[in-house]
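Colleague: Would you be able to build a 3D model of this:
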Amino acid sequence: MTKLKIHNIESAPEGSKALLEQSLKANGMIPGLHGVLAGAPGILEGYQTLHKLFTESSFDKDELTVVWQTINVEHACHYCVPAHTAIAGMMKVDENITESLRNETPLENSKLEALRTFTLAITRNRGHVSSEELQAFYAAGYEERQVLEIILGLSQKVISNYTNHIANTPVDAPFQKFTWSK
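Modeller: This is a model prediction of the structure:
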C-alpha cells in the first residue's frame with residue numbers, strides 16, 4: 001500500500017502554510033486531501049484555484065455535483081465520493097441525484113443525465129468524444145462553454161482523485177458516514 005505524508009500547518013513546507021490556514025478557515029478543519037497536497041505548494045494552490053474557478057462556472061449546484069461525482073465514481077476515489085456526498089448535502093442537492101451518481105444509475109432529470117453521460121465520455125475517453133456525443137450534449141441544452149467547464153472540473157478531480165489513490169488518504173471523520181467503494 002502506498003502512502004504520502006499528510007501535513008498540518010506546522011509540518012507543511014513554507015509555501016503551503018497560508019494555503020492550509022485558508023483551508024482551515026473555509027472548512028473548520030484541514031481536509032486530509034489538502035494536508036497531502038501541501039507537500040508540494042504548487043499543487044495545493046492549483047487545486048484550490050481550480051476548485052474556486054469551477055464553483056464560479058456556469059453550472060448550478062446540481063450540475064457541479066453531477067460533474068464532480070461522475071468523475072469521482074469513474075475514478076473510484078474512496079475519499080472524494082464520500083467528501084462530495086457531504087458537500088452535496090451542504091449545498092442542498094437532492095439526495096436522489098447524489099444516490100444515483102454514487103450507484104451509477106441514470107438520473108431522472110434528462111438534462112442532468114446528458115451532463116453525466118457527456119462527463120463520463122470525456123473522462124473515459126480522455127477527451128476523445130464523437131460528434132454524436134457532442135451533439136447529444138448540445139441537444140440537452142448545453143453549449144461549448146459547458147464542454148470546456150467540464151474539462152476544468154475534470155482537471156480539479158484528476159488532482160484530487162489521483163493524489164488520493166497514491167496517498168491512500170484516510171476519509172475525514174465528517175465524511176465517514178458516506179463511505180463508498182466501487
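Colleague: For E99, the count of nearby residues, please.
Modeller: E99: 12 surrounding residues under other Cβ atoms under 10 Å. Heads up, the C-betas are built off the backbone N, CA and C, glycines and all.
Colleague: no wait, I151
Modeller: I151: 13 neighbours (other Cβ under 10 Å).
Colleague: now swap in the one 3 residues further on and tell me
Modeller: Counted with other Cβ under 10 Å, residues neighbouring L154 total 24.
Colleague: For it, pull up the helix or strand it's in.
Modeller: For L154, the host element (DSSP states H and E) is helix 144-167.
Colleague: buried ones in that helix?
Modeller: 146-147, 149-150, 152-154, 156-157, 159-161, 163-164, 167 (16 or more other Cβ atoms under 10 Å).
Colleague: who's in contact with it?
Modeller: 2-4, 6, 33, 36-37, 43, 46-47, 50-51, 53-54, 57-59, 64, 67-68, 71-72, 75, 77-80, 115, 118-119, 122-123, 127, 134, 137, 169 (Cβ atoms under 8 Å, 6 or more residues apart in numbering).
Colleague: filter those residues to the buried ones?
Modeller: By neighbour count, with 16+ other Cβ under 10 Å, the contacts of helix 144-167 hold 4, 6, 33, 36-37, 47, 50-51, 54, 57, 59, 64, 67-68, 71-72, 75, 77-80, 115, 118-119, 122-123, 134, 137, 169 as buried.
Colleague: Format the CA atom coordinates belonging to the helix holding L154 as PDB.
Modeller: Taking Å, rounded to 0.1, in the frame of the first residue of the first chain, the C-alpha atoms of helix 144-167 are listed here in PDB:
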ATOM      1  CA  GLU A 144     -19.400  25.000 -25.900                       C
ATOM      2  CA  ARG A 145     -18.800  26.900 -22.600                       C
ATOM      3  CA  GLN A 146     -20.000  23.900 -20.600                       C
ATOM      4  CA  VAL A 147     -17.800  21.500 -22.600                       C
ATOM      5  CA  LEU A 148     -14.800  23.500 -21.500                       C
ATOM      6  CA  GLU A 149     -16.100  23.800 -17.900                       C
ATOM      7  CA  ILE A 150     -16.400  20.000 -17.600                       C
ATOM      8  CA  ILE A 151     -12.700  19.900 -18.600                       C
ATOM      9  CA  LEU A 152     -12.000  22.500 -15.800                       C
ATOM     10  CA  GLY A 153     -13.800  20.300 -13.300                       C
ATOM     11  CA  LEU A 154     -12.000  17.200 -14.600                       C
ATOM     12  CA  SER A 155      -8.700  18.900 -14.100                       C
ATOM     13  CA  GLN A 156      -9.600  19.600 -10.400                       C
ATOM     14  CA  LYS A 157     -10.700  16.000 -10.000                       C
ATOM     15  CA  VAL A 158      -7.600  14.400 -11.600                       C
ATOM     16  CA  ILE A 159      -5.500  16.200  -9.000                       C
ATOM     17  CA  SER A 160      -7.700  15.000  -6.100                       C
ATOM     18  CA  ASN A 161      -8.500  11.500  -7.300                       C
ATOM     19  CA  TYR A 162      -5.000  10.600  -8.400                       C
ATOM     20  CA  THR A 163      -3.500  12.000  -5.200                       C
ATOM     21  CA  ASN A 164      -5.900  10.100  -3.000                       C
ATOM     22  CA  HIS A 165      -5.100   6.800  -4.900                       C
ATOM     23  CA  ILE A 166      -1.400   7.200  -4.300                       C
ATOM     24  CA  ALA A 167      -1.700   8.700  -0.800                       C
END
